[in-house]
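K.L.:
Build the 3D model from these lines:
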Amino acid sequence: MNPILPRNYFVPDVEARVMPDGRLYIYGSFDVLNSNVYCSYEYHVFSTDDPTLTNWVDHGVSFTNTVEQPGLPWLPGELLWAPDAIHKDGKYYLYACSAGDGEVVAVSDKPYGPFTDSKRVVGADGDGIDPAIFVDDDGQAYYFWGQFSLRGAKLKDDMCTVDQDSLVYGVLTEQEHGFHEGASIRKINGKYYLVYTDISRGKATCLSYAISDSPLGPYKRCGVIVDNMYCDPYTWNDHGSICEFKGQWYIFYHRSSQNSNLNRRVCVEPITINADGTINEVCMTSQGPSGPINAFETIDASIACRMRGSLYIKNEHPEAEVANEVLVECGGGNFKDAWAEYKYIDFGDSVSSCKFNVRGNGVIELRVDGSDDVIGSVEIDGGEGFNEYTMKITKETKGVHALWVFFKGKGMALDSFVFEK
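P.N.:
This is a model prediction of the structure:
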């Protein structure tokens, strides 16, 4: 189910890697609840061997850049932005960047760190953000970095020095590819795939991909894989990667919450690599990699995959360490523009009613698959506190559908809902 990590973790910019032990590891930035800046001064590493990507281990802090523990000694106390990691010759290399354009590599003998002995990436340090690392079948390592225009080059055997003779500017560009930032490289069936943050739809919400016959290009733009538009009214960017795990390919991406472009959480969708090498665009879902959500188990309203109008996910108790999130209707919306979407819900053979834990005043309607047909409606007049309301389902609904929850009212907040047979 999306988001895939527990609610106290905000992990954007994820690079997913299957390491030699067979586990899937994710390396990302680390947003902090209630912070007003991107990311933080530390990274965490998570891993799983669960085929449904449901159960994750937090391996703790893997790298820091505080004044007291400077992972970038030449830039102590700079925020850490999107990282990447790779295994080569028995060592694990973490490539990190900072808000001050610092580019650093640190080493560990474990995939989850701690990563130490940090060194500048010579030739890239001070020149941009968002490192991406790739080791080809012949053992040659390649390094990519930058914003708006992507640079790429071979790395020397020390894994920290850019081979200037191989340096290519404009591997991806904003003009030709829609490239904004966040490159990630993989090799599939002899072709090289660059996944990147694409700004072509007006905001940097798309993860798109380009393909080449060579690691350093030229790359042909191929299309969008996922777009996180409408995950939050103020969503701005996306950043992620693709990875094959136990025979299935996935796209890892993030979505923001709490009416901001921060508080970003990692989400996952299964994807298919077609016979011709292309990847079809997939939509954001609430179900994620684990399959349709059981309608007869309580559904947390904050897992809505898209929302429009005056809806957003709000943290009810900002002082708490773990976000207590509800779906809030804050502006007196109407049925035309205030809705939340849940993809996908399994209604089984039939449903008779739905119980809502909700507050405020107004009306809630349910529809499925974007249809204009209303399958149920209930009036809410509960005031400030959360109360339970039961809606009768008036139209036969069975099987798996996208559920759309429409709101009309003021001060409404939905905590959870569950269907009954």
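K.L.:
how many neighbours does Y38 have?
P.N.:
Residues lying near Y38 (other CB atoms under 10 Å) number 20. Every residue, glycine included, has its C-beta placed from N, CA and C.
K.L.:
Make 18 the starting number, not 1.
P.N.:
Noted, 18 is the first residue going forward, which turns the last one into Y55.
K.L.:
residues touching it, list them.
P.N.:
46, 48, 96, 98, 116, 279 (CB atoms under 8 Å, 6 or more residues apart in numbering).
K.L.:
Please, which helix or strand holds the fourth one?
P.N.:
Secondary structure assignment for W98, by DSSP states H and E: strand 97-105.
K.L.:
Could you tell me which other helices and strands that strand packs against?
P.N.:
Other helices and strands packing on strand 97-105, by 3 or more CB pairs under 8 Å, 6 or more residues apart in numbering; DSSP states H and E, are strand 32-35, strand 41-44, strand 59-65, strand 74-81, strand 108-115, strand 149-152.
K.L.:
for the stretch 318-438 of the chain, which spans come out with low pLDDT?
P.N.:
Along the stretch 318-438 of the chain, segments meeting pLDDT under 70 span 348-353.
K.L.:
hmm, 50 instead?
P.N.:
Regions of the stretch 318-438 of the chain meeting the criterion pLDDT under 50 are absent.
K.L.:
And the helices in it, which stretches?
P.N.:
With helices called from DSSP state H, counting those that start in this stretch, the stretch 318-438 of the chain shows none.
K.L.:
For it, which segments count as strands?
P.N.:
Secondary structure of the stretch 318-438 of the chain (DSSP state E, counting those that start in this stretch): strands at 323-324, 328-332, 342-346, 356-363, 370-385, 393-409, 417-437.
K.L.:
For T190, find the nearest of the ones you listed.
P.N.:
Ranking these by distance to T190, with CB to CB as the measure, places strand 323-324 first at 29.9 Å.
K.L.:
In JSON lines: the strands of the stretch 318-438 of the chain, plus mean neighbour count.
P.N.:
Converted to JSON lines, the strands of the stretch 318-438 of the chain look like this (neighbours: other CB atoms under 10 Å):
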{"stretch": "strand 323-324", "mean neighbour count": "22"}
{"stretch": "strand 328-332", "mean neighbour count": "23"}
{"stretch": "strand 342-346", "mean neighbour count": "24"}
{"stretch": "strand 356-363", "mean neighbour count": "22"}
{"stretch": "strand 370-385", "mean neighbour count": "20"}
{"stretch": "strand 393-409", "mean neighbour count": "15"}
{"stretch": "strand 417-437", "mean neighbour count": "21"}
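K.L.:
Using CSV, lay out those strands together with distance to Q86.
P.N.:
Formatted as CSV, those follow (distance: least, CB to CB, whole Å):
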stretch, distance to Q86
strand 323-324, 39
strand 328-332, 29
strand 342-346, 31
strand 356-363, 41
strand 370-385, 43
strand 393-409, 43
strand 417-437, 39
